[in-house]
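Enquirer: Got a sequence here, can you build the structure:
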Amino acid sequence: MNRGIKIGQAAEKSYYFVISYVFFIIISALLFMAAFSTTFIDRYEMPYFLPDSPLFNFVFVFIAILASIYIYIYKQKKTGRLHGIVIRVEQDDAFFSRIRSVLLWAIWFLISLWVVCTQVPPYGDQRAVLLAAQYMAMGDFTPSGPVGYFYVYNNQIGITMVVYLLSRIFGEFNYLAYQLINAVCITFIIKTLSELGQLFGMKRSGALLLLLLGGFFLPLMLYASFVYGIIPGLLLCLLALKYEILYFRSGRSRLAVLSAFCISFAVLLKMNNLIFLVAMLIYAIFYVFGRKYWEKLIYIALIAVFFFAQSTLPALAYEKMSGQEIPEGISMWGWVTMGLQDDERPGWWNGYSRYTFEASEFDVKKQEAWVKADLKARLEEMWQDKDMARDFFVRKAASQWNEPSLQSVMVLISHQQEYYSHDVISVDNEWPKAILSPMGNHILTQCMNYFNFAVLAGAMLWLLLCSKSEHLYDALILPMIFVGGFLFHLVWEVKSQYALPYFVLLLPYTVMGYSKAAECVAALPAKVSGGFTVDKKTLIIKLALLLVAIVILWYVFHGTLGSLTGDSEAYYAYLAEYR
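Expert: Numbering: from 1, shown residues only. You can find the predicted model right below:
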């Protein structure tokens, strides 16, 4: 074996180990937090940390495993009706496509019904982007002038240009049209997730279960009313991932072009999608250099070309239309410094980045010097008081990743009004009001609490039981993105809505995890009777890694758990105002 091949194999093993192990530690931490606490959020984006029941959480997971075992054993019966349906799903292309289409049409219909019956008007950044596009249509380019929206948030140029072009079709400020587009995008997000699952080795019956699971993931459904780049950006990211994997399997150039275009367009809509792009590049680099497929370097070149196009063409087009140069906008260091600040919302938006930019008279260099000095002081404070730093990062992570609603109701509730007041097509509009209320948010959070815990547990089962999967190299790309998103938001400004795209990525692993657990339990009697064979070296290594993980988790959570359970009185006092 030559040296190049050995280096390539070593690189792939490192890829497997680092991603799997870091993913294991993060999922373990999130499971631990979710077992003992739940984060609730009020209409003013204030997180509250409340205690949870580990018993109820694990009972819910246990029931899910028992249900999986029952389905697995029942479908193995050659005379059972379920067995016949499963066999037909796996072998009959037309039958599988028909069932999948019915499920997808049902999901689309329910989401569209929600959108039409609520028609929630946008506010905040959603409203600012729609208004900027409307101003552009009228020839008014004040958003890019001094103290205008783009003068501060120049990263919104891309999505605004897209909205401007769409407004030529749907009309100006037609947010209902964009919400209905979101309904279509969410339907295709769930479909693409099932297709990715199949690329990772999931059976067709599992793909259909994934569609059902996605339909029950209510936060994703409710985000159809959120007129921003999150939903279409996520769809483009998933399509880019699917096309990348298919390209590296088949070598078809068209797939490489589609993948590079989709991920670049996703970044244009939402800069946070750079995390997906970086993960895709890492996947491609390890594949090319690990397996010596040099001709596929063209894929990396295509991403570079499309990325350059998306980062320059919208700004050039806007400058051509407005006759104004795009300002530099807020320094990225402002978002990092704000993400490490601790007030009522640990690391959340508190206006710091905008305030320092305005107070610096919109001079980026002045602001950068200011926020870097504050960042240095904050890091020194954390270094001197490590217990405080640990407590801060635990609360920050919990406020984002352990909030089951993922702000799906909060982002639809006005900060000023008790409810959104507007015309709805529904004859009886009390049901949307009941959901779009603080009490509705509370109920949804409670319902999704056990669901989200079960999703995390399913991802853990996949990680523990599917380490020898034939398609493991491909399957690790979504965990890599999850890890990247988690680590990025430890230092960047956060909201729990930012966790939505990453949490969605766990759904295929949830289905595969429970399916594999059922298969292993069903096969256990035969293994016991046949005797176990254990590789002592492998066992020792895994136990050592487990011990290291336990030490890390003990250090992180020792003395910090109380911070995740102490807000019950304050939260229920807030909730009492809306009973």
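Enquirer: So what's the gap between the longest helix along the chain and the chain middle?
Expert: As assigned by DSSP state H, the longest helix anywhere in the chain is helix 3-36. Centroid displacement of helix 3-36 relative to its chain, using CA atoms, centre = their mean, to the nearest Å, is 19 Å.
Enquirer: and that helix, which residues are buried?
Expert: Neighbour-count burial for helix 3-36 flags 8, 12, 15, 19-20, 22-36 (criterion: 16 or more other CB atoms under 10 Å). Using the backbone N, CA and C atoms, a C-beta is placed for each residue, glycine as well.
Enquirer: for that helix, packing partners?
Expert: Helices and strands touching helix 3-36, by 3 or more CB pairs under 8 Å, 6 or more residues apart in numbering; DSSP states H and E, are helix 54-76, helix 274-291, helix 386-401, helix 438-465, helix 472-475, helix 477-491, helix 536-557.
Enquirer: Show me the shaky parts of this structure.
Expert: The model of the chain has pLDDT under 70 over residues 1-9, 74-83, 143-147, 414-430, 526-535, 579.
Enquirer: show me where the stretch 301-450 of the chain has helices.
Expert: Per DSSP state H, counting those that start in this stretch, the stretch 301-450 of the chain carries helices over the ranges 332-339, 352-359, 364-384, 386-401, 430-435, 438-465.
Enquirer: mind checking which of these is nearest Y149?
Expert: helix 352-359 (10.9 Å; CB to CB).
Enquirer: Who are the packing partners of that closest one?
Expert: Right, helix 352-359 is packed against helix 149-152, helix 332-339, helix 364-384 by 3+ CB pairs under 8 Å, 6+ apart.
Enquirer: Now that helix: buried residues?
Expert: Residues 352-354, 356-357 are the ones in helix 352-359 that count as buried (16+ other CB under 10 Å).
Enquirer: Touching that helix from outside, list them.
Expert: Helix 352-359 has contacts (CB atoms under 8 Å, 6 or more residues apart in numbering) with 147, 152, 330-331, 334-335, 337-338, 341, 364, 367, 370-371, 493.
Enquirer: and those residues, which are buried?
Expert: Buried subset of the contacts of helix 352-359 (neighbour count, 16+ other CB under 10 Å): 152, 330-331, 334-335, 337-338, 341, 364, 367, 370-371, 493.
Enquirer: Take those and lay them out in a markdown table including distance to W348.
Expert: Compiled in a markdown table, the buried ones among the contacts of helix 352-359 are given as follows (distance: CB to CB, whole Å):
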| residue | distance to W348 |
| --- | --- |
| V152 | 18 |
| I330 | 16 |
| S331 | 19 |
| G334 | 14 |
| W335 | 12 |
| T337 | 13 |
| M338 | 8 |
| Q341 | 9 |
| V364 | 23 |
| Q367 | 20 |
| W370 | 20 |
| V371 | 17 |
| E493 | 7 |
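Enquirer: Make sure E45 is indeed in a helix.
Expert: No. In this structure, E45 is coil, not part of a helix, as judged by DSSP: H, G, I helix; E, B strand; the rest coil.
Enquirer: I'd like the distance between it and Y223.
Expert: Going from E45 to Y223 by CB to CB, to the nearest Å gives 16 Å.
Enquirer: Of those two, which one has the most company?
Expert: Neighbours per residue, other CB atoms under 10 Å: of E45 and Y223, the larger number sits with Y223, 25 against 19.
Enquirer: How about the contacts made by that one?
Expert: Residues counted as contacts of Y223 (CB under 8 Å, 6+ apart) are 182, 186, 230-231, 408, 411, 500.
Enquirer: Using JSON lines, lay out the residues you listed together with distance to P219, neighbour count and secondary structure.
Expert: Shown next, in JSON lines, are those (distance: CB to CB, whole Å; neighbours: other CB atoms under 10 Å; DSSP: H, G, I helix; E, B strand; the rest coil):
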{"residue": "N182", "distance to P219": "13", "neighbour count": "24", "secondary structure": "helix"}
{"residue": "I186", "distance to P219": "11", "neighbour count": "27", "secondary structure": "helix"}
{"residue": "I230", "distance to P219": "11", "neighbour count": "21", "secondary structure": "helix"}
{"residue": "I231", "distance to P219": "11", "neighbour count": "27", "secondary structure": "helix"}
{"residue": "S408", "distance to P219": "4", "neighbour count": "27", "secondary structure": "coil"}
{"residue": "V411", "distance to P219": "10", "neighbour count": "23", "secondary structure": "helix"}
{"residue": "L500", "distance to P219": "6", "neighbour count": "20", "secondary structure": "helix"}
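Enquirer: Quickly check the residues you listed for the two that are furthest apart.
Expert: Using CB to CB, the two most remote members of the contacts of Y223 are I186 and V411, lying 14.9 Å apart.
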